[in-house]
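In: the amino acid sequence is not available; the structure is as follows:
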């Protein structure tokens with residue numbers, strides 16, 4: 001299992017929880033509002049942990065720059 005929570009001063013939080021390819025949650029929040037959330041229910045095409053994290057970080061950065 002891997003779990004990480006990062007809180008940045010700008011009100012941005014990253015929450016990462018990975019137990020298996022069928023049990024994970026990655027979330028990017030700003031001021032408590034979810035901007036990007038990845039879970040198995042989202043039908044993400046899981047290839048590897050590295051690709052999952054890369055795709056999530058890219059989508060989170062895009063969401064933060066948009067709003």
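Out: Now that the structure is in, tell me what you want to look at. Everything quoted here is computed from the prediction, not taken from an experiment. Numbers count the residues shown, from 1 in each chain.

In: now tell me what touches stretch 21-38 from outside.
Out: By Cβ atoms under 8 Å, 6 or more residues apart in numbering, the list of residues contacting stretch 21-38 from outside reads 10-18, 39-40, 44, 46, 52-53, 55-56, 59-60, 63-64, 67. All C-beta atoms are positioned from the backbone trio N, CA, C, and that covers glycine.

In: any idea how far residue 62 is from residue 54?
Out: The gap separating residue 54 from residue 62 is 13 Å, by Cβ to Cβ, to the nearest Å.

In: quick one: the strands in this protein, in order.
Out: For the chain, the strands defined by DSSP state E occupy 2-7, 12-20, 23-30, 33-38.

In: mind listing what's buried in the third one?
Out: So the one you mean is strand 23-30. Residues of strand 23-30 classed as buried: 24-30 (neighbour count, 16 or more other Cβ atoms under 10 Å).

In: can you list those in a markdown table and add distance to residue 3 and pLDDT?
Out: Shown next, in a markdown table, are the buried residues of strand 23-30 (distance: Cβ to Cβ, whole Å; pLDDT from 0 to 100):
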| residue | distance to residue 3 | pLDDT |
| --- | --- | --- |
| 24 | 10 | 95 |
| 25 | 10 | 96 |
| 26 | 11 | 97 |
| 27 | 12 | 98 |
| 28 | 16 | 97 |
| 29 | 16 | 97 |
| 30 | 21 | 96 |
